[in-house]
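In: I'd like to go over a predicted model; first the sequence, then the structure.
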Amino acid sequence: MPAGSVADNCGRTGFLLVRRTMNPLVYLKRVLIAIPTLLGVGVVVFVLMRVVPGDPIAMMIAPGASPQDIQNMRAMYGLDKSIAQQFVIWLSEVLQGRFGTSITFRQDVLTLIGERLPATLELGGVAMLLAVLLGGAAGLWSAARDGGWVSNLIDALVAVIQSIPDFLWGLMLMLLFGVLLPWLPISGRLDPGLSQQAGTGFLLIDSLIHGRAELVKSLLLYMLAPALSLALPVAAMLARVLKASMQEAMSSDYVMLARLKGMSTRHVLLVEALPNAVTPTLSLSAVQFAFILGGTVLIERLFSYPGIGSLAIDAVIGRDLPLIQAIVLTFALLFIAINIAVDVLVVFLNPRLRGSANT
Amino acid sequence: MNNVNATPALQISDLHVEIRRADTWLPILRGVNLSVAPGCIHALVGESGGGKSMVAKAATGLLPQAARISGGSICIDGKDVTQWSENQWRTLRGGAVSMVLQDPMTALNPVRRIGAQMADVLRAHTDGKDIETTLVGLLEQVQLREPQSVLKAYPHQLSGGMRQRVVIAMAWACRPRLIICDEPTTALDVTVQKQVLRLIHRLAGDGQGVLLVTHDLGVVAKLCRSLSVIHAGRILEEGSVEAVFAQPQHAYTRALLAATPRFDRPEHTLLPVDDDLIDSLNAQARAYDSERGVSA
Amino acid sequence: MADAQPVSVCLRLRRNPRVLFGSFVCLLLVLTALLAPWLAPQDPGQQELMASFEKPLLFGYAASDFALPNYWLGSDNLGRDVLSRLIYGARIAMLVAVISATLAALLGTLLGALAGFYGGRIDSLISRMVDVWMSFPPVLLSIVLVSVLGTGLWSVIAAIVIVDWTRFCRVVRAETQAQAALDYVVSARMLGMRSWQILWHEIRPNVMPLLITLFTLEMGVAIVVEAILSFVGLSLSSGAATWGGMVGEGRLYVNQAPWLMVFPMLLMMLAVLGLNALGDGLRREFDPVLTR
């Protein structure tokens, strides 16, 4: 039994217990704030596209059509009303889940996006995974060999890679694998010879679940070049941040104490320092995911990858208003969801912030 | 308990340590002699920058990269560890020699539970059986109530005093021959200081040698049997606490004692250590260096 | 960090390899842009249909016809000299880069400083704006803007500024907030200094180093965005020589004449690397605490 004199006050008797639950009200608040942001996005896009010179109807109308035909088409797309009226109509439609019909594709916009979104999400997911793995490994390696030539080399490479934007990486990889070393396909999502799995459109996940190896392999091969283009700059940034955090952790007192306990360097790096260094890096990665998704607009077009990104540019050029609006709203929704997820992640990872009512 | 003839827990003989500063080697420790007998709490006293922390680091093999041992020897429990490699040191640390750090706020890993951090040292140096029971026993020894809850807690959920007790428990866990306490109470509240000091005193009755590095002579008086006074990397005086406090031989020791507030003597005025004294001590250090042929 | 002596600062900068490399590249680009008419061996728009797809002389290929002028970096499908087009492309790139970065900096800094300094509702409003802005994929937004504004140099510049001002805004807001909480600002307020005076005299010098770094970064971004827009066909009219346009056209002939795509890409990469190195090096100089 503990000896100790009565006067021996060993600190507060009832110290705080760990509260596993996080305060849900905070997140509700964040979600509610997101709604006006979304609305703002909708308004901006709406107004912008209406201001655009160029008449979508005129672009797609067959030559020789009568003015009456043009007028009918206009009415069909609701383009004959005032901007304010159009916005109200559009908003009410959207809230009922109807996003209209694409002018260039002649398809229901929601279906169109539904078909293509999984491809983009898979691409973004794979790119993010690549970025975390590559960047994490590079950052960790550089931190472990801090001060040596390996570390300096990695740092230099990382600096160069980070400076080159995904667009240029896409071009380079396209040049590399399209012309010099034709190892990877640089166009499309899938080997046209293989049959697809009917279902959700998340081809990669579906084929993984069903264990169709050739399909998975083909999907991954086609995804590699675009995913790498998106991943490399992000990986470089993650490597830098991780290394800096690791350096800070390694110079801390608790690392010194761990050494004093006789723990090996591997233990110190991986068990003591890394969990502390990972938190800022991880929340940064989540934010980068939003940028990766944004980058798909160009990269998908470059590699002819059939996601929503590749729709976007042509939609703008073709003045396909319903489609553009839906695409932009989709991206905005994704960005906001990611930001909220990041906040949850940060609180979850840091034991100090759990059980606190503050954000 | 205090077997004078037994192997000293720590024996430092004529230790010289230099540190690299922009192409030259600057002497940090100049011929330090120090010994800590088992069961004895020995103080190392001096101002900041006098070399106390370097001695502590040398005794645990954690000298900074830029520093090197240029002469003398260090023996822990009879083993000469002066030229030991990192791998060899690792077998010793935690098991045969451990350290209590100054700031309990930063000494514990914020993202790991207390139990996990304490279990490390047991797993590394013992056979790993009955770890939970051992840990609970350790926490009870340092007088922490509700040891089960403490083990499951994270550091930020404990107060400063509680954290320092955990750090002390970790240092004592494997009954090391030598325990170094680097200013263990400086970062704590005064009321908590007293409890922690009492705790160290109690635990040290187990046959370990304790090296207490401090600048606080009050702590020395309460806790230690013997002390060494260090300045500019040289040991200026050493002996038993009673003898040194009653009859300080060196001017620096006298000055340190005079600079300590004495609340029992209201007429006593605080005297700072004289600048001239410091200058002469530094000059002596430089003379020592040139004698050895070391350029400063 | 108070106003350091410019001379001593320059001397210190000279030792920093990043700054050296970056400044060198920057200088090279600026000089090329300024001296384009004298540097370019030929008229960039001059079509020589008999001399299309000439291989670059620089790499040891022989000209197909000795009567032709020297195509050091080859010629494109219309017989236009690649080197000259690259040189004139540098002009456009630099012009766009400098003007966009300046305007974006002005707009972003102004809004950021207001948000950071006054806080409250102004801050909420501006922050909400930034949130909305950043919910758009930047590429998409710039393409939409250029469609709205039409093609041409100023549309491209406007697009870049409108899309990327948030970069400056966020950073300046954070920095201003931090500075405004410090004692020297509080005492300045108590001494009766007006807000704009405080902003200009007290806070600005502390925010400047950060701004300079962001500026060089923004220039790099501007070059890339211009390239993307040209690539997609939305920048200037297709006659003008822009790096992005050259890459876009070169892509069509990548199998027969890879140099058409490779050279503008290399130049773009050099420009971006140089600008980023400059910005990074400057930031390290002015903020020694940062290990990154």
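Out: Received the coordinates, thanks.
In: Please look at A:G307 and A:T120 and confirm they touch.
Out: Yes: using Cβ atoms under 8 Å, A:G307 makes contact with A:T120 at a distance of 3.3 Å. Any C-beta I mention is one placed from the backbone N, CA and C, and that applies to glycine too.
In: from chain B, which residue is nearest to chain C?
Out: Nearest residue of chain B to chain C: B:A22, at 15.7 Å (Cβ to the nearest Cβ).
In: Next, that residue: phi, psi?
Out: Dihedral angles of B:A22 (phi, psi; degrees, to the nearest 10) stand at phi 50, psi 70.
In: Just the pLDDT for it.
Out: The model reports B:A22 with a pLDDT of 81.
In: what about it, how many neighbours?
Out: 5 (other Cβ atoms under 10 Å in any protein chain shown).
In: what's the distance between it and B:G233?
Out: Going from B:A22 to B:G233 by Cβ to Cβ, to the nearest Å gives 19 Å.
In: same check, this time on A:I299
Out: From A:I299 across to B:G233, the span is 62 Å (Cβ to Cβ).
In: Now do the phi/psi pair for B:Y154.
Out: Dihedral angles (degrees, to the nearest 10) for B:Y154: phi -100, psi 150.
In: Surely it touches B:A116?
Out: No: the criterion here is Cβ under 8 Å, and B:Y154 misses it with B:A116 at 10.1 Å.
In: ok, these two, which is more surrounded?
Out: Higher neighbour count among B:Y154 and B:A116: B:Y154, with 18 against 13, using other Cβ under 10 Å.
In: hang on, B:L227 in a strand?
Out: Yes: B:L227 sits within a strand when classified using DSSP: H, G, I helix; E, B strand; the rest coil.
In: Tell me, how many residues neighbour it?
Out: With other Cβ under 10 Å as criterion, B:L227 counts 25.
In: cool, C:L199 as well?
Out: Using other Cβ under 10 Å, C:L199 has 21 other residues around it.
In: Now do it against A:A131, distance only.
Out: Distance from C:L199 to A:A131, counting by Cβ to Cβ: 39 Å.
In: With B:Y252 instead?
Out: Separation of B:Y252 from A:A131 (Cβ to Cβ): 60 Å.
In: can you give me the helices for the stretch 101-250 of chain B?
Out: Assigned helices in the stretch 101-250 of chain B, in chain order: B:104-107, B:114-125, B:131-141, B:147-152, B:160-172, B:190-203, B:217-223, B:241-246 (criterion: DSSP state H, counting those that start in this stretch).
In: Deepest-packed of those helices, please.
Out: Most buried of those by mean neighbour count (mean count of other Cβ atoms under 10 Å in any protein chain shown) is helix B:160-172; its value is a mean of 25.
In: Show me which helix or strand of chain A is least confident by mean pLDDT.
Out: helix A:56-60 (a mean of 60; mean pLDDT, DSSP states H and E).
In: next helix or strand past it?
Out: As assigned by DSSP states H and E, the chain's next helix or strand after helix A:56-60 is helix A:67-76.
In: Would you indicate which residues of that following helix are buried?
Out: A:73-74 (16 or more other Cβ atoms under 10 Å in any protein chain shown).
In: Next SSE downstream of it?
Out: The helix or strand immediately downstream of helix A:67-76 is helix A:83-95, counting by DSSP H and E.
In: right, and the helix or strand after that next one?
Out: With elements assigned by DSSP H and E, the helix or strand that comes after helix A:83-95 is helix A:109-144.
In: can you give me how far that next one is from the chain middle?
Out: 7 Å (Cα atoms, centre = their mean, to the nearest Å).
In: so the spatially most central residue of chain A, which of the three states?
Out: Centre of chain A computed as the mean C-alpha position; nearest residue by Cα atoms, centre = their mean is A:F289, 2.9 Å away. Secondary structure, three-state DSSP: A:F289 is helix.
In: Surely it touches A:L130?
Out: No: under the criterion of Cβ under 8 Å, A:F289 makes no contact with A:L130, lying 11.9 Å away.
In: neighbours of the residue in the stretch 201-350 of chain A that chain B sits nearest to, just the number please.
Out: Nearest residue of the stretch 201-350 of chain A to chain B, counting by Cβ to the nearest Cβ: A:G262, 3.5 Å away. Residues near A:G262, counting by other Cβ under 10 Å, number 24.
In: likewise A:L25?
Out: With other Cβ under 10 Å as criterion, A:L25 counts 9.
In: Over to A:A84?
Out: A:A84: 8 surrounding residues under other Cβ under 10 Å.
In: and the stretch 151-300 of chain A, which of its residues are near chain B?
Out: Residues of the stretch 151-300 of chain A found near chain B (Cβ under 8 Å from any Cβ of the partner chain) are A:252-254, A:256-264, A:267, A:271-272, A:275-276, A:279.
In: if you set the cut-off to 7 Å instead, what comes out?
Out: A:252-254, A:257, A:259-264, A:272, A:275-276 (Cβ under 7 Å from any Cβ of the partner chain).
In: which regions of the chain sit below the pLDDT cut-off?
Out: Defaulting to chain A. A:1-23, A:26, A:49-65, A:76-81, A:83, A:182, A:186, A:191-201, A:349-359 (pLDDT under 70).
In: you looked at the wrong chain, it should be chain C
Out: Checking chain C against pLDDT under 70 turns up C:1-13, C:50-51, C:58-70, C:235-239, C:287-292.
In: residue closest to the middle of it?
Out: Central residue of chain C (Cα atoms, centre = their mean): C:M219, at 1.7 Å.
In: Buried subset of the residues of the stretch 151-300 of chain A next to chain B, written for ChimeraX?
Out: Only the buried entries of these go into this ChimeraX selection, using 16+ other Cβ under 10 Å:
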select /A:252,253,254,257,259,260,261,262,263,272,276
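In: longest helix in the chain, by residue count?
Out: Since you didn't name a chain, this refers to chain A. Assignment by DSSP state H gives helix A:213-250 as the longest helix of chain A.
In: oops, I was thinking of chain C
Out: Among the segments of chain C that qualify as a helix by DSSP H, the longest is helix C:82-118.
In: Check chain B too.
Out: helix B:275-292.
In: Would you tell me what the next helix or strand after the longest helix of chain A is?
Out: As assigned by DSSP H and E, the chain's next helix or strand after helix A:213-250 is helix A:253-260.
In: and the direction of that following helix versus that of helix A:213-250, what angle?
Out: Per axes from the mean of the first three to the mean of the last three Cα atoms, to 10 degrees, the angle that helix A:253-260 makes with helix A:213-250 is 100 degrees.
In: Output helix A:253-260 as PDB, nothing but the C-alphas.
Out: Taking C-alpha atoms only, helix A:253-260 is exported to PDB below (Å, rounded to 0.1, in the frame of the first residue of the first chain):
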ATOM      1  CA  ASP A 253      13.200  16.200 -24.100                       C
ATOM      2  CA  TYR A 254      11.100  13.100 -24.300                       C
ATOM      3  CA  VAL A 255      13.300  11.700 -27.100                       C
ATOM      4  CA  MET A 256      16.300  12.300 -24.900                       C
ATOM      5  CA  LEU A 257      14.600  10.500 -22.100                       C
ATOM      6  CA  ALA A 258      13.800   7.600 -24.400                       C
ATOM      7  CA  ARG A 259      17.500   7.400 -25.200                       C
ATOM      8  CA  LEU A 260      18.300   7.500 -21.500                       C
END
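In: Counting neighbours, what do you get for C:V98?
Out: By the criterion of other Cβ under 10 Å, C:V98 has 17 neighbours.
In: gap between it and C:E226?
Out: Distance from C:V98 to C:E226, by Cβ to Cβ: 12 Å.
In: And the strands in the stretch 101-250 of chain C?
Out: Counting by DSSP state E, counting those that start in this stretch, the stretch 101-250 of chain C forms no strands at all.
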